[in-house]
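Student: With the sequence up front, the predicted model follows.
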Amino acid sequence: MTQSWHNRAFRSERKPTMTIFAAPVFDATVIYEGNELFKGQGAARGWAEKLAKELECEIGVEKIGTGWVLCGTVDGEPCKWSIVGQRLKRMD
């Protein structure tokens with residue numbers, strides 16, 4: 001796999017909770033328990049597809065409260081992503 005700056009940002013070993021996807025997220029969002037989530041399942045699925053291509057693994061969506069997050073397993077570790085400042089960020 002070619003290491004792009006996107007992949008290095010996601011696979012940072014120092015601070016995995018601060019990993020950020022570089023493309024801006026311009027979709028409707030909701031705030032639930034302090035997390036900014038996708039408002040619609042369709043928007044979340046679209047971003048799951050983009051993230052899956054970037055990370056070369058399967059990424060799905062999961063409903064949490066009033067919104068949707070991206071979820072998957074990266075390097076054997078389960079991960080969830082929400083939105084922070086128009087960017088994707090790992091929640092865990």
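Tutor: Structure received.
Student: Show me the strands in the chain, by range?
Tutor: Under the criterion DSSP state E, strands of the chain are mapped to 29-32, 35-38, 59-64, 67-74, 77-84, 87-90.
Student: any idea how far the residue lying closest to residue 24 once chain neighbours are set aside is from residue 36?
Tutor: Excluding its sequence neighbours, the residue lying closest to residue 24 (C-beta to C-beta, 6 or more residues apart in numbering) is residue 86, at 4.5 Å. (Glycine included, C-beta is placed from N, CA and C.) Using C-beta to C-beta, to the nearest Å, we find residue 86 at a distance of 9 Å from residue 36.
Student: The two: who's more crowded?
Tutor: Each of residue 86 and residue 36 has its neighbours counted (other C-beta atoms under 10 Å); residue 36 has more, 18 against 12.
Student: The more buried one: what's it in contact with?
Tutor: 29, 30, 82, 83, 84 (C-beta atoms under 8 Å, 6 or more residues apart in numbering).
Student: tell me the average confidence for stretch 31-49?
Tutor: Mean pLDDT, computed over stretch 31-49, is 94.
Student: could you dump it to CSV, C-alpha only?
Tutor: Output in CSV follows, covering the C-alpha atoms of stretch 31-49 (Å, rounded to 0.1, in the frame of the first residue of the first chain):
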residue,chain,number,x,y,z
ILE,A,31,-24.7,17.1,18.5
TYR,A,32,-25.3,14.1,20.8
GLU,A,33,-23.6,13.8,24.1
GLY,A,34,-20.9,16.3,23.1
ASN,A,35,-20.1,14.6,19.8
GLU,A,36,-20.9,16.1,16.4
LEU,A,37,-22.5,13.3,14.3
PHE,A,38,-23.9,12.9,10.8
LYS,A,39,-27.6,13.8,10.8
GLY,A,40,-28.5,11.3,8.0
GLN,A,41,-27.6,7.7,7.4
GLY,A,42,-27.0,8.5,3.7
ALA,A,43,-24.4,11.1,4.3
ALA,A,44,-22.7,8.8,6.8
ARG,A,45,-22.6,5.9,4.3
GLY,A,46,-21.1,8.2,1.7
TRP,A,47,-18.3,9.1,4.0
ALA,A,48,-17.9,5.5,5.1
GLU,A,49,-17.2,4.6,1.5
